[in-house]
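In: Sequence and computational prediction follow.
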Amino acid sequence: MLQRKLVTALAAAFSFGVAATALADINVGVTVSATGPAASLGIPEKNTFDLLPTTIGGEKVNWIVLDDGSDTTKAVQNAKKLIGENKVDVLLGSTITPASLAMIDTAVEGETPMISMAASARIVDPANPKTRWIFKTPQSDALMADAIAVSMKAAGVTTMGYIGFADAYGDGWLAEMKRSAQLAGIKVIAEEKYNRNDTSVTGQVLKLIAAKPDAVLIGAAGTPGATPQKELVARGYKGKIFQTHGVANPDFLRVVGKDGNGTLLPAGPMLVYEQLPDSNPVKKVAAGYITQYEKKFGTRSTFGGHAYDAYLLLNSAIPEALKKAKPGTKEFRAALRDALEKANVVATHGVYVMTPHDHNGLDNRARMMVRIDDGKWVLVK
């Protein structure tokens with residue numbers, strides 16, 4: 001009788017252990033810029049997390065989403081809270097480059113993998129040993145700068161001016177554009193900067209126009225990218241205007257209005273997925289996400305796609321990590337980092353092929369040149 005009770009107790013304990021493993025929650029911490037100057041970028045990201053499933057690999061997922069207000073200090077505070085208090089298994093964010101760069105130390109100290117939704121190549125610079133824990137979904141400024149240089153050269157541009165954010169995003173773009181322009185035989189003859197929350201850039205624009213460049217690149221993101229564009233048009237600038245993929249959202253189109261006509265920019269294929277051939281592997285994935293997003297939230301934004309691609313990477317990596325460890329442990333976070341580094345995922349912005357030396361994993365399939373025509377995105381073929 002005693003032996004039977006012991007067997008029953010052991011069986012119950014085993015069943016409880018299996019159930020506990022099966023019901024272990026995966027905590028995903030997210031910080032986005034849903035308010036502040038980058039709100040037009042962060043809101044579609046925040047919206048996207050509302051669309052995501054609550055299970056991955058058969059395990060429950062808790063999406064813990066915080067707003068950092070486009071503020072670097074708040075982003076770091078959010079990261080510390082998510083890792084220290086919420087014990088997250090992975091950190092997603094932030095929306096903008098300065099905040100993402102600032103969060104790296106927190107992620108590394110917590111030995112927690114982080115997937116940024118900001119563009120700068122510095123975020124995943126392989127020369128920095130800390131980026132072993134860091135990944136990102138947006139196309140790097142280096143990849144997109146090359147596309148702009150090729151487009152400029154094809155249009156006969158030999159000189160260009162630059163005006164961009166006075167922060168890590170703008171500085172990164174200027175550095176990459178100088179490199180790309182030099183390779184294309186294009187000379188950068190004027191450089192200006194402005195702050196994300198500046199309401200006037202008249203002085204900077206007048207200096208740009210006085211230099212008489214064939215084209216001007218605006219190194220900005222979101223609706224603040226419209227400020228120098230509208231000033232250039234108002235001051236009668238007749239050269240070509242280029243923007244970065246940081247303005248590929250409907251709020252920019254709304255704010256820039258007719259002054260955006262003819263503007264060229266590189267963007268992820270999801271922005272114009274209907275105009276892609278059916279053979280493009282991204283088209284089906286982008287269509288599925290955008291159909292779901294637009295049904296609930298309205299017009300698409302490439303920034304929502306960056307959030308969705310982060311989910312797709314996790315959807316690929318989490319089942320692999322679960323084979324090695326249980327969520328909520330140091331071992332699981334390490335296994336998840338290792339799985340992300342081997343990810344090969346078709347997503348909305350391209351095909352991510354991660355390696356130990358490339359934690360972005362995107363290639364030329366992730367960029368398309370797009371023109372703004374009467375408030376619409378048109379694929380440049």
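Out: Arrived safely.
In: Give me the sheet partners of the helix or strand G161 falls within and which way each runs.
Out: In this assignment (DSSP states H and E), G161 forms part of strand 159-165. Its sheet considered, strand 159-165 pairs with strand 187-194 (parallel), strand 215-219 (parallel) by DSSP bridges.
In: Return that strand as PDB; C-alpha atoms alone will do.
Out: Provided in PDB are the C-alpha atoms of strand 159-165 (Å, rounded to 0.1, in the frame of the first residue of the first chain):
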ATOM      1  CA  THR A 159      27.000  67.500 -55.800                       C
ATOM      2  CA  MET A 160      24.700  67.200 -52.800                       C
ATOM      3  CA  GLY A 161      23.800  68.900 -49.600                       C
ATOM      4  CA  TYR A 162      22.800  67.300 -46.300                       C
ATOM      5  CA  ILE A 163      20.500  68.300 -43.500                       C
ATOM      6  CA  GLY A 164      19.800  65.900 -40.700                       C
ATOM      7  CA  PHE A 165      19.000  65.400 -37.000                       C
END
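In: quick check: mean pLDDT across it?
Out: Mean pLDDT, computed over strand 159-165, is 98.
In: Run through who's touching the next helix or strand after that strand.
Out: Counting by DSSP H and E, the element after strand 159-165 in chain order, helix or strand, is helix 168-183. Contact partners of helix 168-183, identified using Cβ atoms under 8 Å, 6 or more residues apart in numbering, comprise 96-98, 101, 118-122, 141-142, 145-146, 148-149, 152, 160, 162, 164, 187-188, 191, 193, 217, 219-221, 244, 246. Just so you know, the C-beta spots here come from the backbone N, C-alpha and C atoms, and that holds for glycine as well.
In: got the end-to-end distance for stretch 327-345?
Out: End-to-end distance of stretch 327-345 (Cα to Cα, to the nearest Å): 22 Å.
In: Would you mark the buried spots in it?
Out: Across stretch 327-345, burial judged by 16 or more other Cβ atoms under 10 Å covers 327, 332-337, 339-341, 343, 345.
In: And for S151, nearest residue in space, chain neighbours not counted?
Out: Spatial nearest neighbour of S151, chain neighbours left out: M369 (5.3 Å); criterion: Cβ to Cβ, 6 or more residues apart in numbering.
In: Can you tell me the element the one you found falls in?
Out: Applying DSSP H and E, one finds M369 within strand 368-373.
In: Okay, helices next: where are they in the stretch 1-150 of the chain?
Out: 2-22, 39-49, 72-84, 97-109, 141-154 (DSSP state H, counting those that start in this stretch).
In: Would you list the phi and psi of the most centrally placed residue in the chain?
Out: Using Cα atoms, centre = their mean, the residue of the chain that lies closest to the mean C-alpha position is M117, 2.9 Å off. Per-residue torsions, M117: phi -110, psi 30 (degrees, to the nearest 10).
In: Could you do the one 10 residues further on as well?
Out: For A127, the backbone dihedrals are phi -70, psi -20 (criterion: degrees, to the nearest 10).
In: Check the one 10 residues further on too.
Out: Note on T137: its backbone torsions stand at phi -100, psi -30 [degrees, to the nearest 10].
In: do L265 as well
Out: The phi and psi values for L265, taken as degrees, to the nearest 10, are phi -160, psi 150.
In: Per-residue pLDDT of the residue lying closest to it once chain neighbours are set aside, please?
Out: In this structure, L265 finds its nearest non-sequential neighbour in Q243, 4.2 Å apart by Cβ to Cβ, 6+ apart. What the model reports as pLDDT for Q243 is 98.
In: that older thread, which of the residues in the strand holding M369 are buried?
Out: Neighbour-count burial for strand 368-373, with 16+ other Cβ under 10 Å as criterion, is recorded at 368-372.
In: who does it touch, helix- and strand-wise?
Out: Counting contacts by 3 or more Cβ pairs under 8 Å, 6 or more residues apart in numbering; DSSP states H and E, strand 368-373 is packed against strand 264-267, strand 376-379.
In: tell me which strands and helices the last one is in contact with?
Out: Right, strand 376-379. Using 3+ Cβ pairs under 8 Å, 6+ apart: strand 376-379 touches strand 368-373.
In: The strand it packs on pairs with which strands, parallel or anti?
Out: Here, using DSSP bridges, strand 368-373 pairs with strand 264-267 (antiparallel), strand 376-379 (antiparallel).
In: pLDDT score for A145?
Out: A145 carries a pLDDT score of 97 in this model.
In: got the contact list for it?
Out: So A145 contacts 173, 176-177, 179-180 (Cβ under 8 Å, 6+ apart).
In: who's in contact with K80?
Out: Per Cβ under 8 Å, 6+ apart, neighbours of K80: T106.
In: angle of the helix or strand hosting A335 against helix 72-84?
Out: Here A335 sits within helix 330-340, counting by DSSP H and E. Angle, helix 330-340 to helix 72-84, by axes from the mean of the first three to the mean of the last three Cα atoms, to 10 degrees: 120 degrees.
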